[in-house]
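J.: Mind looking at a prediction? Sequence and model below.
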Amino acid sequence: MKVLVTGRNGQLGSEIHSISEQYDNFEFIFTSSLNLDISNEEAVFSFFNNHQFDAVINCAAYTAVDKAEDEFENANAVNHLGVQYIVENCEQKNIRLIHISTDYVFDGSNNVAYKETDPVSPIGVYGKTKRLGEEVILNSSLNAIIIRTSWVYSTFGNNFVKTMIRLGKEKDELGVIVDQVGTPTNTNDLASACLTILSEANNWNQKVSIYHYSNNGVTSWYDFATEIMTIANLDCKVNPIESFEYPTKALRPNYSVLNKRKIVQDFDLKIPHWKESLVKMIKQF
C-alpha cells in the first residue's frame with residue numbers, strides 16, 4: 001500500500017517517519033509545507049495527479065493555538081480548506097484517509113471522559129477550524145477515519161515536555177497550571193496506532209468513523225510537569241497555579257480527557273499509561 005503522509009516536519013509526521021521502516025507493507029511518501037502546501041488548491045490537485053497512493057495520513061495542521069486567535073485566515077486555510085482540498089482529491093481517486101484532529105473541538109465542560117458521540121463546542125479559533133475540517137470529512141463519501149488526540153509531545157519539535165526540561169535546567173522553580181485536566185499523548189504511540197489502524201484498512205467501515213486516542217490515565221499540567229522533573233532528575237520546584245494566574249490569548253478546555261474504549265475495541269490497541277510513555281520519551285530525549 002502506498003501512503004502519503006502530510007506534515008512530515010511536525011511531531012506526528014516525524015514520528016511516523018522514524019518508525020516507517022518497521023512497516024514494510026507500506027510504501028511512504030512524506031511531504032511538508034515546503035513541497036506540498038495543502039492550503040494551495042492547485043498544488044494539492046497537481047500533487048495528487050502526479051503521484052499515486054492508496055491512503056493519506058493527514059498530519060498537517062496549524063497548531064499555534066494563541067496565534068490562531070489573530071490569524072483566523074491562516075489557521076482556516078490549513079485546518080479547514082486544506083482538508084477540503086485533500087478530501088476532494090481523495091474522493092476523485094477513491095483514496096482512504098486518516099485525519100488527525102484534537103480535543104479542542106470540545107469546550108471542556110465535561111467531568112467524564114469525552115466520547116466520540118459527545119456534542120462538540122470549540123471555544124477558540126484553533127478548535128473551530130479543526131472542527132470545520134472534521135465536518136468536511138464527515139460530509140464526504142470517503143472511507144475515512146478521524147482521530148482526535150490531546151496534549152501531544154515528542155522527541156521531535158517543540159512541546160510541553162521539552163519546554164519543562166529546558167526550564168527545569170534554567171530555573172529553581174516555576175508555576176504550572178493545576179486546574180486544566182487531560183491526558184498527555186506520546187506521539188510515538190499515536191504514530192504506531194495510526195499505522196496499525198491503516199494496516200486494517202480493508203476492515204474499515206465504508207464511511208467516516210471518529211476515534212479518540214491518547215495515552216491512558218488522567219493528570220493536570222501541574223502533575224505532568226512534576227513527573228517530568230522527577231523522571232529527568234531535575235531539582236526545579238513546580239508550584240501549582242490557576243488558569244487566571246497565567247492568562248493566554250486563547251481559552252483552553254479545563255477538561256479534555258478522551259474516552260478510548262471505541263478505538264481499543266475496534267483495533268485491539270494496547271494503550272500504555274501516560275507515565276510509562278513519558279519515561280520512554282525522556283530516555284530517548
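T.: That came in fine, so what should we check first? Numbering: from 1, shown residues only.

J.: switch to C-alpha atoms for all contacts and neighbour counts from now on
T.: Fine.

J.: Who are the contact partners of the residue in the chain sticking out farthest from the centre?
T.: Most distant from the centre of the chain: residue 172, at 31.5 Å, with distances by CA atoms, centre = their mean. Residues counted as contacts of residue 172 (CA atoms under 8 Å, 6 or more residues apart in numbering) are 235, 236, 237.

J.: Select from those the one having the most neighbours.
T.: residue 236 (19 neighbours; other CA atoms under 10 Å).

J.: tell me the contacts of that residue?
T.: By CA under 8 Å, 6+ apart, the contact list for residue 236 reads 168, 169, 171, 172, 173, 174, 229.

J.: The same query, at a cut-off of 7 Å, please.
T.: 168, 171, 172, 173, 229 (CA atoms under 7 Å, 6 or more residues apart in numbering).

J.: now, which of these lie within strands?
T.: Those of these mapping onto strands are residue 173, per DSSP state E.

J.: which among the contacts of residue 236 end up buried?
T.: With burial judged by 16 or more other CA atoms under 10 Å, the buried subset of the contacts of residue 236 is 168, 229.

J.: any idea which of the contacts of residue 236 is the one closest to residue 150?
T.: Proximity of these to residue 150 was ranked by CA to CA; the top entry is residue 229 with 20.8 Å.

J.: Please report the distance of the closest one from residue 144.
T.: 39 Å (CA to CA, to the nearest Å).

J.: do residue 250 as well
T.: Per CA to CA, residue 250 is found 30 Å from residue 144.

J.: Between the two, tell me which one has more neighbours.
T.: Between residue 250 and residue 144, counted using other CA under 10 Å, residue 144 has the larger neighbour count: 27 against 17.

J.: Just list whatever residues bridge to the residue sitting nearest the centre point of the chain.
T.: Taking CA atoms, centre = their mean as the criterion, residue 149 is the residue nearest the geometric centre of the chain, at 4.8 Å. Under DSSP bridges, the beta-bridge partners of residue 149 are residue 102.

J.: how much space between it and residue 66?
T.: According to CA to CA, residue 149 and residue 66 sit 18 Å apart.

J.: circling back: of the contacts of residue 236, which is the nearest to residue 111?
T.: Closest to residue 111, out of all of those and judged by CA to CA, is residue 229, at 27.7 Å.

J.: so what's that closest one up against?
T.: Counting by CA under 7 Å, 6+ apart, residue 229 touches 165, 168, 236.

J.: With residue 72 as the reference, measure out to it.
T.: 35 Å.

J.: Ok, residue 100 next?
T.: 19 Å.

J.: swap in residue 28?
T.: Distance from residue 28 to residue 72, by CA to CA: 32 Å.

J.: what do you get for residue 55?
T.: 29 Å.

J.: Compare neighbour counts for these two and give me the winner.
T.: residue 55 (23 against 15).

J.: ok, the more buried one touching residue 4?
T.: Yes - at 6.3 Å, residue 55 and residue 4 qualify as touching, with contact defined as CA atoms under 7 Å.
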